[in-house]
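Enquirer: Pasting the sequence and the predicted coordinates here, then a few questions.
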Amino acid sequence: MILRGCLTIVAVLTCAALPAQRAEHASLTIGRLHYDGGGDWYANPSSLPNLLRAIRERTALRTAAQERAVRLTDPELWDVPFLHATGHSNIRFTDEEVRILRRWIMQGGFLHVDDNYGLDESFRREIARVFPDRTLAEVPLDHPVYRVVYAFPEGLPKIHEHDGKPAQGFGIFVDGRLAVFYSYQSDLGDGWEDPEVHGDAPAKHEAALRMGINLFAYAVGWGG
C-alpha cells in the first residue's frame, strides 16, 4: 500500500502507540465521499463518528473523532485508507474522478459503498466505469472481512427492511485483495447512527457497528 499517512499495518500500530498530544495529527480516519450527481452524500451524519468511536474503543487503532469529507480530486484523498459513500439518489463521477478513484483503489485504498436505498442503480453504473475489467460479485461468506474481528457466518447483517430482499455484500478484488465492498439491502450506515434516529433495537445497532469495525480493520490490515 503506497497511500500517504499511517495506512499499512506497521504504520497503524506505530500510530496507535504515539503520545496523546500527537493523536490528532497521527490518527486514522474515514473519508466521506463528497460526490456530484444530486445524491445526498452527507446522509447519516452521526454514523461515521459513532463508528470511529467504536473502532477506537474496541481495537488498538487510534482513530479521529470525526470523518473527513473529501472529493476525489482533493489531495486529502491520499491521506485516508478507507473511503465511505452513501446516499439515497444519484451518484456521478467525471472522467477525471473515474481515473483518480481507480488509481487510489489500485494503490491500496478501500472503498465502502452503503446503499441507503436509492443508490444502487447509479453506483453500479459508476463502478463499472471505474472497473470495466472487473465484476462486482458477491463476497464469499468465508472471506476474512466477515471474521477479522467479529464473526458473521451468515454474512452481512440486515439492519433495515427495504424490498424484502436479503442483505448482500458485493465486492471487487484487486490482486486477491477485497478493494471495494458494497453493502446492499443492509443499511449499515443507518445502523451506525445514534439509535434514537431510526429507533433501532440495540442488537441491530451493535450488529451494524461490529460489521463496520470488520470493514475498517480489514481495510487497514489490522487482524485483531
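Expert: Arrived safely, thanks for sending.
Enquirer: contacts and neighbour counts: CA atoms only from here.
Expert: OK.
Enquirer: And stretch 135-154, end to end?
Expert: From its first residue to its last, stretch 135-154 covers 22 Å (CA to CA, to the nearest Å).
Enquirer: my read: Val130 touches Ile100, true?
Expert: No - taking contacts as CA atoms under 8 Å, Val130 lies outside contact range of Ile100: 9.0 Å.
Enquirer: More neighbours: the two, which one.
Expert: The residue with more neighbours, out of Val130 and Ile100, is Val130; 19 against 16, by other CA atoms under 10 Å.
Enquirer: Angles on the backbone of the more buried one, please.
Expert: The phi and psi values for Val130, taken as degrees, to the nearest 10, are phi -70, psi -40.
Enquirer: Same check on Glu138?
Expert: Per degrees, to the nearest 10, the backbone of Glu138 is at phi -70, psi 130.
Enquirer: Grab the nearest non-local neighbour of it.
Expert: Leaving aside its sequence neighbours, Glu138 sits nearest to Phe170 (CA to CA, 6 or more residues apart in numbering; 4.1 Å).
Enquirer: which residues of the protein fall in helices?
Expert: 9-16, 23-26, 47-58, 95-106, 120-130, 188-192, 195-198, 202-220 (DSSP state H).
Enquirer: For the residue nearest to Glu138, which residues count as its bridge partners?
Expert: According to DSSP bridges, Glu138, Tyr182 are recorded as the beta-bridge partners of Phe170.
Enquirer: Would you confirm that it contacts Ala137?
Expert: Yes - assessed by CA under 8 Å, Phe170 is found in contact with Ala137 at 5.2 Å.
Enquirer: who's more crowded, these two?
Expert: Remark: of Phe170 and Ala137, Phe170 carries more neighbours, 19 against 13, as counted by other CA under 10 Å.
Enquirer: And the more buried one, what's its pLDDT?
Expert: Listed pLDDT for Phe170 reads 98.
Enquirer: if I look at it, how far off is Thr63?
Expert: 26 Å.
Enquirer: ok, and the closest non-adjacent residue to Ile100?
Expert: Closest to Ile100 by CA to CA, 6+ apart is Leu72, at 6.6 Å.
Enquirer: any idea how far Leu52 is from Arg62?
Expert: In terms of CA to CA, Arg62 sits 9 Å off from Leu52.
Enquirer: With Phe181 instead?
Expert: Distance check for Phe181 against Leu52: by CA to CA, it reads 18 Å.
Enquirer: What's the mean pLDDT across stretch 117-130?
Expert: The model assigns stretch 117-130 a mean pLDDT of 96.
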